[in-house]
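1. no sequence on this one, just coordinates:
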């Protein structure tokens, strides 16, 4: 039986700042939050005094290539799997897996199995059905059936648009996929989201605008990602957020002189624009390839997405002077709301006990998922028999 854990003197951010509080955890959930909780017998409760350290909800990363990405430069360029330890060390306690470009040598069955494996290792995990291509590859034969009948599948993604690697879908094809997502979400009580990879093509978000203009589909169904890869694309994304879409910035590396915004720059600009603050999220593209092609379509450079990029983006924003409570929802509550995960993204009674204790540099020091510490002092530990954090 999992023992109770009492976290004393936590500087709680829910994600807004709540001040010093004690948090009682048991059965994988938050049981009580308050000040001066009573002493409990040591044989049933482990007490950890956090001495005023900041405690935030665990990060929710909606775009991780958990089975590995890459492959655009031949088989040797395939990227390996993303380990649960890497996610936990990055403060990611909830993850949504994607296939990406390769839905041929990478299979949806493997993605679902890997997602279930992450659950067994202590994380909360879901996945998207499909890949870049249209029609979407599925597990059961249809998008609707995948979402309705396969527990970890929340919607479709990452369907590629405005990219030379996409299937060049039409607005009608995109509308039909979005409609299947939407109706499947209604039938299953899931998010029913169409998670869109947006490339650096000049059409940008044109297809999404056309579908919204010509159909009855709600804007909330569309979740375009990588919208900070071009500055003009980001401006399109801000306008789309005003229409009700949630847009996703990617925490990828950006060099000086690039026609792109880093995740912290994009988030700062978004919040300053006055667009709805609950309509932006941030993901890592962990395990995915970050390719650079020349004018002839040859791959000239490939980097690999790092799950820790989300934590670095949050730290950079706080270092730039933005209040933690103002930016933290982008990595936690906003994602939970989009994905319709009511027990995630907050630290309130009844929510899952997924939390991160930040160090002085705003990076994950201790990480708890489902009420168990998976990271202590920045190091991975086993879910059983772990030492107490200090």
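-> Sure, I can see it. Just so we're clear, the structure is a prediction, and the values are computed from it rather than from any experiment. Numbers count the residues shown, from 1 in each chain.

2. show me the helices in the chain, by range?
-> 84-89, 108-120, 143-149, 171-188, 206-214, 231-242, 263-273, 309-319, 324-327, 333-339 (DSSP state H).

3. name the residues of the first one that are buried.
-> In terms of neighbour count (16 or more other Cβ atoms under 10 Å), helix 84-89 has its buried residues at 84, 86-89. Placement of C-beta: from N, CA and C, glycine included.

4. from the residues you listed, pick the one nearest residue 177.
-> residue 87 (28.0 Å; Cβ to Cβ).

5. for burial, what's the neighbour tally of the closest residue to that closest one other than its chain neighbours?
-> Spatial nearest neighbour of residue 87, chain neighbours left out: residue 307 (5.2 Å); criterion: Cβ to Cβ, 6 or more residues apart in numbering. As a burial measure, residue 307 scores 27 neighbours (other Cβ atoms under 10 Å).

6. between the helices of the chain, which gets nearest to residue 364?
-> Ranking the helices of the chain by proximity to residue 364 (Cβ to Cβ) places helix 309-319 first, at 5.7 Å.

7. now for the closest one, which elements pack on it?
-> With contacts taken as 3 or more Cβ pairs under 8 Å, 6 or more residues apart in numbering; DSSP states H and E, helix 309-319 sits against strand 59-64, helix 263-273, strand 280-283, helix 324-327.

8. turn those into TSV, including mean pLDDT and mean neighbour count.
-> Compiled in TSV, those are given as follows (pLDDT from 0 to 100; neighbours: other Cβ atoms under 10 Å):
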stretch	mean pLDDT	mean neighbour count
strand 59-64	98	29
helix 263-273	98	20
strand 280-283	98	29
helix 324-327	96	18
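
9. now these in a markdown table, with distance to residue 111?
-> Below are the helices and strands packed on helix 309-319 laid out as a markdown table (distance: least, Cβ to Cβ, whole Å):
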| stretch | distance to residue 111 |
| --- | --- |
| strand 59-64 | 11 |
| helix 263-273 | 25 |
| strand 280-283 | 16 |
| helix 324-327 | 30 |
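
10. pretty sure residue 105 sits against residue 77.
-> No - using Cβ atoms under 8 Å, residue 105 is not in contact with residue 77; the gap is 11.6 Å.

11. neighbour count winner among those two?
-> Set side by side, residue 105 and residue 77 show more neighbours around residue 77, with 14 against 9, by other Cβ under 10 Å.

12. related to what we said a few turns ago, out of the helices of the chain, which gets nearest to residue 221?
-> helix 171-188 (5.0 Å).

13. distance of the residue nearest to residue 87 from residue 111?
-> Going from residue 307 to residue 111 by Cβ to Cβ, to the nearest Å gives 16 Å.

14. the residue nearest to residue 87 and residue 61 touch, don't they?
-> Yes - the criterion here is Cβ under 8 Å, and residue 307 meets it with residue 61 at 6.6 Å.

15. identify the contacts common to the two.
-> Among the neighbours of residue 307, those also in contact with residue 61 (Cβ atoms under 8 Å, 6 or more residues apart in numbering) are 87, 92, 284, 286.

16. and the furthest pair within these?
-> 87 and 284 (9.2 Å).

17. which neighbours do those two have in common?
-> By Cβ under 8 Å, 6+ apart, the residues touching both residue 87 and residue 284 are 61, 64, 307.

18. run a quick neighbour tally on the closest residue to residue 11 other than its chain neighbours.
-> Computed as Cβ to Cβ, 6+ apart, the closest residue to residue 11 that is not its neighbour in sequence is residue 54, at 4.5 Å. The number of residues packed near residue 54 is 20, by other Cβ under 10 Å.

19. quick check, pLDDT for residue 54.
-> For residue 54, the pLDDT comes out at 97.

20. show me the contacts for the nearest residue to residue 356 once chain neighbours are set aside.
-> Once flanking residues are discounted, residue 356 sits nearest to residue 91: 4.4 Å by Cβ to Cβ, 6+ apart. Neighbour list for residue 91: 58-59, 310-311, 356, 364, 367, 375 [criterion: Cβ under 8 Å, 6+ apart].

21. hey, which helix or strand in the chain has the poorest pLDDT?
-> Every helix and strand of the chain was ranked by mean pLDDT, DSSP states H and E. The lowest is strand 289-293, at a mean of 66.

22. against residue 379, how distant is residue 89?
-> Counting by Cβ to Cβ, the separation of residue 89 from residue 379 is 8 Å.

23. one more: residue 166?
-> Taking Cβ to Cβ, one finds residue 166 at 41 Å from residue 379.

24. of these two, who's got more company?
-> Neighbour totals were compared for residue 166 and residue 379, and residue 166 leads with 19 against 9 (other Cβ under 10 Å).

25. is that one in contact with residue 173, as I believe?
-> No - Residue 166 is beyond contact range of residue 173, at 10.9 Å (criterion: Cβ under 8 Å).

26. what is in contact with these two at once?
-> Joint contacts of residue 166 and residue 173 (Cβ under 8 Å, 6+ apart) are residue 134.

27. now stretch 356-374: buried residues?
-> 356-358, 362-374.

28. show the average pLDDT along it.
-> In the prediction, stretch 356-374 has an average pLDDT of 96.

29. same check on stretch 342-350?
-> 97.

30. nothing else from me, thank you.
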